[in-house]
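J.: Using only what follows, build the 3D model:
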Amino acid sequence: MGKHDHHHHHHHHHDVEACYPPDGYMIESPELRWAFIRKVYVIVSIQMLVTVAVAAAMNVTDCVRNFFLSRTPAALVAFIIILISPLLVMLPMVYFRQKHPVNLVFLGIFTVCVSLSVGLGCLTKHGPIIFEAAGMTLVVVVSLTAYTFWAGRRGHDFEFLGPFLFAACVILMLYAIVIILFPMGKTAVLVYGCIAALIFSAFIIYDTDNLIKRYTYDEYVAASITLYLDIINLFRAILMALDAAD
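T.: Numbers count the residues shown, from 1 in each chain. Purely as a prediction, here's the structure:
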């Protein structure tokens, strides 16, 4: 039981599971686990494709570009709606995360909302930097994922990262607020981008580890959201750092 004590910060119903394994979750068959892992990676891959398609469409289409880059009231309202929309969709999505097929519908809507905000973030950046950031993100995600699977097989556990990552997120948020309130030039943004990239890299390891060991099979939507958001946030952080360094 000791190993499972500090689960409550992430998934509430894992404590019960640790004591009474329902349907043999604790002594599960590897085939079931691999099927679950595959399902999650298929969902995340589709989410990434949607994101790239939506963001690219926004950046390639001149009328959309010009609309958002024009400082008209309509553009600002659209901006704010797009930025808030993922937060609004997140609530029903998390609530329905185990109700098939409603959960996938909300996951789809959520992905499009996040994709739109990623597209907005790319409007003001130069093309080459976006591709560099995307390439770096891909390399980091693939290598960290491979590392986590390798380390997991060697018996390493990354659950200890949980509290540190929570603290790191709080610090990131405070730092972001400071940067917004007191613009401190490119160096501050560069430092922020680098620190954020490190934190989201750690999140990828942590969440991949959870995916391999701790998520139950009906939580594929929750697992997909966390991995997808880690990848998106990593991309945003790298993009920010590269843009500030440019």
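J.: which residues in this protein form helices?
T.: Under the criterion DSSP state H, the chain contains helices at 14-19, 30-60, 62-69, 73-95, 102-123, 127-153, 161-181, 185-213, 220-245.
J.: quick one: which of those helices has the weakest pLDDT on average?
T.: Looking at these, the lowest mean pLDDT belongs to helix 14-19 (a mean of 44).
J.: Please verify my assumption that residue 43 contacts residue 107.
T.: Yes. Using C-beta atoms under 8 Å, residue 43 is in contact with residue 107, at 7.3 Å. The C-beta positions use only the backbone N, C-alpha and C, and glycine is treated the same way.
J.: Overlap of the contact sets of these two?
T.: Here residue 43 and residue 107 share the contacting residues 221, 224, scored by C-beta atoms under 8 Å, 6 or more residues apart in numbering.
J.: Can you get me a residue count around residue 124?
T.: 9 (other C-beta atoms under 10 Å).
J.: no no, residue 72
T.: 10.
J.: any idea how far it is from residue 83?
T.: Going from residue 72 to residue 83 by C-beta to C-beta, to the nearest Å gives 17 Å.
J.: Which one's more surrounded, residue 43 and residue 107?
T.: In terms of neighbours (other C-beta under 10 Å), residue 107 is the more surrounded of residue 43 and residue 107; the figures are 24 against 20.
J.: That one: what's it in contact with?
T.: Residue 107 touches 43, 47, 93, 221, 224, 225, counting by C-beta under 8 Å, 6+ apart.
J.: Include distance to residue 135 when you put those into TSV, please.
T.: Output for the contacts of residue 107, formatted as TSV (distance: C-beta to C-beta, whole Å):
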residue	distance to residue 135
43	23
47	19
93	30
221	28
224	23
225	24
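J.: which of those residues lies closest to residue 156?
T.: residue 224 (23.5 Å; C-beta to C-beta).
J.: check contacts around the closest one.
T.: Counted by C-beta under 8 Å, 6+ apart, residue 224 has contacts 40, 43, 44, 47, 107.
J.: Kindly report the same for residue 244.
T.: Per C-beta under 8 Å, 6+ apart, neighbours of residue 244: 186, 187, 189, 190, 193.
J.: Which of the residues you listed are buried, as a ChimeraX select command?
T.: Selection command for ChimeraX covering only the buried members of the contacts of residue 244, criterion 16 or more other C-beta atoms under 10 Å:
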select :189,190,193
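J.: and the gap between the residue nearest the centre of the chain and residue 98?
T.: Ranked by distance to the mean C-alpha position of the chain (C-alpha atoms, centre = their mean), the top residue is residue 229 at 1.2 Å. To residue 98, residue 229 is 19 Å away according to C-beta to C-beta.
J.: can you check residue 183 too?
T.: 43 Å.
J.: more neighbours, the two?
T.: Neighbours were tallied for residue 183 and for residue 98 using other C-beta under 10 Å; the higher tally belongs to residue 98 (13 against 10).
J.: Give me the distance between the more buried one and residue 116.
T.: Counting by C-beta to C-beta, the gap from residue 98 to residue 116 is 26 Å.
J.: swap in residue 210?
T.: Residue 210 is 28 Å from residue 116, by C-beta to C-beta.
J.: Please consider this matter closed, and thank you.
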